[in-house]
Every structure is written in C-alpha cells, then in structure tokens.
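In: sequence first, then the predicted structure, then my questions.
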Amino acid sequence: MKKLFAEFFGTYWLVFGGCGSALFAAGIPNLGIGFAGVALAFGLTVLTMAYAVGHISGGHFNPAVSFGLWAGGRFPAKDLLPYIISQCIGALAAAGTLFIIWTGKAGNAINNTQAGAFASNGYGAFSPDGYSLSSAFIAEFVLTLFFLLVILGATDKFANGKFAGVAIGLALTLIHLISIPITNTSVNPARSLSQAIFTGGEPLSQVWLFWVAPILGALVAGFIYKTLLQNHDAA
C-alpha cells in the first residue's frame, strides 16, 4: 500500500504542478512563464518526487513508465494494474483540485472547443499549433520511447543512481520544450486522462491517442534497452 500511496502522491504532484503552471502562470501578461516555464515545471515535479518517494515505489507516476519498466524486465506484471489505478486516481484528484481553484476566478470557464483547454492534449484542431493525428502520434511515441531509455539507463544498477532524478527530470523538461506546440505534451496517459475528463468534448474523444502512443513507445523502449543496451555480461 505504501508503494501505491507513493504513486498517488507523485502523480498528483506531477499533474498539479505541471498542468497548474500551464493554467495559472503561463499566460500572465508580461510576467507569465510561457512554454519554457511550463516545461521546467513538469520536469521539476518529477525530479522532486523522484527523490521524495522514488525509493518507496520506484517513482513511476505514469502508466507508460510502468509498462516500459515491465518491458525492460524491471517491474512485475502483477503490479501493473494497481500502479496504473493509483496513478490515474492521483491525476484525477489533482485535476479536481485545479478545477476548484480555476473556477474560483470570475470569468474562468473551460471552453472545450479550444486547443489546450484546461491543459488538455489534442491533435488536429485541438493541437496548440494545428498538428495532425499522425504528427501527434509520432511525437508522443518517439518522445516516450526516449524518456524510457533515459529512465532505464539512469536507473540501471551500473549507473550513478544518485543523479537519476536529475536526468529524468531534465529529460521531461526537454520533452515538453519540443512538444507543447504539437500536442500540449502528454507522454503520460494518466495526465492526459485527468485533464480530458474535466474538459470533456473533443479532447476527451481524442484521449485514446495519449494512451496508445506513449504506451507503445514505452514498450518498444523497454525491449530496446533490455536487448540492445543493457550490459548483460556485467550482470
């Protein structure tokens, strides 16, 4: 249960900090943090919680990460569903908290006909810069693949584990710097689901892509690392 609580709180912090920065701080005139600030916020959430609770649960905070670690032989299949449920509940709780705060300002409402509404992900007309379904799929697949390669490499028993959280947090920052204009950046099915549920409309109908592409990318990364990169001889 401690592992599941760790995943709940870690995913909550990721969604609250990352999506919260996009909702509250990105667009303030003259003082807003912009895309770069949002990217850094997502990276910082993972970095901070990796050191706070990573030693308890492994610090997944993301269903795609759990699948990728399973594919890489680092995580048991029996724990996949409990972890994913905890991650999704944490993400939904964070989105609910954000919704309460967001609607506490006069004039704030979720317009689910606009791209990026309530920090949701999307493609086509719901991509921040109008990228197609195929572009969104490729971006989410490739970026999640490399995210898992970083995670698997940085947490390898032959790597310097003290700096794993830094590498992983910076990797997520870079991922957001690349892909916020494309999909508003997912690489995390729980983060996408939570915002889509509160947004509704077309963003909710598009959320399938932000489960399929990241999980496929993570699975491929797990198999690549296990078969091509892992130092089996040293093991």
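Out: Nice, I can see it. Residues are numbered from 1 along each chain as shown.
In: hey, let's count contacts and neighbours off CA atoms from now on
Out: Fine.
In: contact partners for Leu172?
Out: The contact partners of Leu172, by C-alpha atoms under 8 Å, 6 or more residues apart in numbering, come to Ala39, Phe42, Gly43, Val46, Phe147.
In: and if you look at Gly169?
Out: Contacts of Gly169 by C-alpha under 8 Å, 6+ apart are Phe42, Gly43, Leu44, Thr45, Val46, Leu47.
In: pull the number of nearby residues for Gly73.
Out: By other C-alpha atoms under 10 Å, 14 other residues sit near Gly73.
In: that older thread, looking at neighbours, which among the contacts of Gly169 is most surrounded?
Out: Ranking the contacts of Gly169 using other C-alpha under 10 Å puts Val46 first, with 30 neighbours.
In: for the spatially most central residue of the chain, which non-adjacent residue is spatially closest?
Out: Taking C-alpha atoms, centre = their mean as the criterion, Asn188 is the residue nearest the geometric centre of the chain, at 3.3 Å. Spatial nearest neighbour of Asn188, excluding adjacent residues (C-alpha to C-alpha, 6 or more residues apart in numbering): Asn62 at 5.3 Å.
In: what's around the one you found, how many residues?
Out: 25.
In: isn't it right next to Leu193, touching?
Out: No. Taking contacts as C-alpha atoms under 8 Å, Asn62 lies outside contact range of Leu193: 11.3 Å.
In: closest to Gly201 among the contacts of Gly169?
Out: When those are compared for distance to Gly201 (C-alpha to C-alpha), Phe42 wins out at 25.1 Å.
In: quick check: the closest one touching Trp13?
Out: No. With contact defined as C-alpha under 8 Å, Phe42 does not reach Trp13; the gap is 9.4 Å.
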